[in-house]
Structures are given as C-alpha cells and as structure tokens.
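Trainee: Okay, structure incoming, though there's no sequence with it:
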C-alpha cells in the first residue's frame, strides 16, 4: 500500500477572503480546527505514515500546527519561493519522496477515499497516475472525467452544468518516474499540462469511490464543511 503523501497547501484562498482573512486556504478554521487537520486525520486513519507538505503563501502558519499533529520524523516541509502551479509544486515536492509511488492531494479538499483500494488498483494496473473520481449529480462547478470499461481515462470535459458525471476528487496515486519522464517546465498545471495533455499516451486510470467529498474553495462549501464536520 502507498503510505506516503504530498499535500498541496500553498493556496491563497482568494475566494474565502471575506470569511477567512489573511490565512492560507487550507488553514481556514472549521469548528476551531484548521481544515487541513481533517485531511491529515483521514490519511493517518488510512495508514499513511509520511507527509510531504508543499507550502508557499504564509507557510509559517503551518509550523506550530503540524508539530502538534505529527511526529518530526513523519513529515517534511517543501517551501516554494514563488508559485509553481500545481504541477510544478508536485514535481518539486516529489524530490523529497522516498518511494516511486505516492499519493497526492489538496489541503483544501477532503475526499475520504479508501487508500488501500486506490493503492491496489494503481499498483496492479502499473498506472502512471490513478485519479480518485467522485460520482456527482446536478453540478456546474466541476468538469467531468470519462472512463472506459477498464477504468482507463478517455477524456476530460470542461466545467459546465451536468445532470450527472464523475468529477476529479483531487486525490491521486502518482508514479513519480512517469511524471519526471516528460521533462515538464518548472512551473505548470498538473491538471492541464500533465493529465489532460498526456492521458491519451500514458497509463492514467480511475478509482471511482462514493466517499464523502468537500472542497472549501468557495464560501458556501466552507460553511457546509463546518456543518458536516461538526461531529469529527
């Protein structure tokens, strides 16, 4: 099973400015606890043992919190001097990984996936990247990912209204050598410049899971997270 994760936690949280002024987005308090704490908690419960935090904006806010969440040998901080985009951040952080296959997730998104099932599928398929997809109905905030009968990614559809579809839940099992084989630039988008650019030639698969999902990127969902996670 994959037991190492890169958590992207450098976001500014521009759309949450009114609700959460002057904090990195994933440090926004939810019921008195930084949101990223729920992400860490779930991953620890799933057996993840080593955390690589990709930080940027106001990274000092993380220091004391992480000292209370994890032991010193359980995590490493990877700090961007300037924004690298999601792809650049993953590529930079991957240099700190101890394994060829890692999990990647966003610190402002909680998708309670079964990590053992995701890992098993990723490794058995020898996938270059396995996307955790969430079935959703009546939405327009997300694009849709289409798969074939073998769960291989066959297309990415743009954001618009969909009656139903599979959305990218933002947690991946990633093969680092496959990513690095593309000689991508220092700054790039993981979604646009890697997944959407190479799905037709790389082994990209889907792991479809009906687990709890919340993305606090907009005020409405930030408020929903407080209601949903009150009992955590």
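Mentor: Structure's in. What do you need? Computed from a predicted structure; not experimentally measured.
Trainee: was I right about residue 162 contacting residue 139?
Mentor: Yes. If you go by CB atoms under 8 Å, residue 162 and residue 139 touch, sitting 6.0 Å apart. For the C-beta atoms, the positions are set from N, CA and C on the backbone; glycine is no exception.
Trainee: Pull the contacting residues for residue 195.
Mentor: By CB atoms under 8 Å, 6 or more residues apart in numbering, the residues touching residue 195 are 129, 131, 153, 156, 204.
Trainee: Show me what secondary structure element comes after the top strand by length along the chain.
Mentor: Scanning the chain for the longest strand, with DSSP state E as the assignment, gives strand 162-175. Sequence-wise, the next helix or strand downstream of strand 162-175 (DSSP states H and E) is helix 176-180.
Trainee: chain center to the helix or strand just after that next one, what's the gap?
Mentor: As assigned by DSSP H and E, the chain's next helix or strand after helix 176-180 is helix 196-198. Its chain's average C-alpha position is 18 Å from that of helix 196-198, according to CA atoms, centre = their mean, to the nearest Å.
Trainee: buried residues in helix 196-198?
Mentor: The neighbour-count check on helix 196-198 (16 or more other CB atoms under 10 Å) flags 196, 197, 198 as buried.
Trainee: next one: stretch 36-45
Mentor: Neighbour counts over stretch 36-45 (16+ other CB under 10 Å) mark 36, 37, 38, 39, 40, 42, 43 as buried.
Trainee: Kindly report the same for stretch 46-65.
Mentor: Of all the residues in stretch 46-65, those buried under the rule 16+ other CB under 10 Å are 46, 48, 50-57, 59, 61-62.
Trainee: can I get these in TSV with pLDDT and distance to residue 213?
Mentor: What follows is the buried residues of stretch 46-65, written out as TSV (pLDDT from 0 to 100; distance: CB to CB, whole Å):
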residue	pLDDT	distance to residue 213
46	98	15
48	98	18
50	98	24
51	98	21
52	98	23
53	98	21
54	97	21
55	96	24
56	91	24
57	84	24
59	92	26
61	90	25
62	94	23
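Trainee: In helices, which of the buried residues of stretch 36-45 fall?
Mentor: The members of the buried residues of stretch 36-45 that map onto helices under DSSP state H are 36, 37, 38, 39, 40, 42, 43.
Trainee: Show me which of the residues you listed is closest to residue 107.
Mentor: Proximity of those to residue 107 (CB to CB) peaks at residue 36, which lies at 4.4 Å.
Trainee: List the residues that contact the closest one.
Mentor: 7, 9, 26, 27, 62, 65, 107, 108.
Trainee: of those, closest to residue 118?
Mentor: Of all these, residue 118 sits closest to residue 7, with 15.4 Å by CB to CB.
Trainee: if I read this right, the closest one contacts residue 110, doesn't it?
Mentor: No. Between residue 7 and residue 110 there is no contact under CB under 8 Å: 11.5 Å.
Trainee: which residues are common contacts for those two?
Mentor: With CB under 8 Å, 6+ apart, residue 7 and residue 110 have common neighbours residue 39.
Trainee: just checking, residue 226 touches residue 32?
Mentor: No. Applying CB under 8 Å as the test, residue 226 and residue 32 come out as separate, 9.7 Å apart.
Trainee: in the protein, which spans are helices?
Mentor: In the chain, the helices defined using DSSP H lie at 35-45, 60-69, 85-93, 115-124, 176-180, 196-198, 219-228.
Trainee: so which of these gets nearest residue 167?
Mentor: Closest among these, using CB to CB: helix 219-228, at 13.3 Å.
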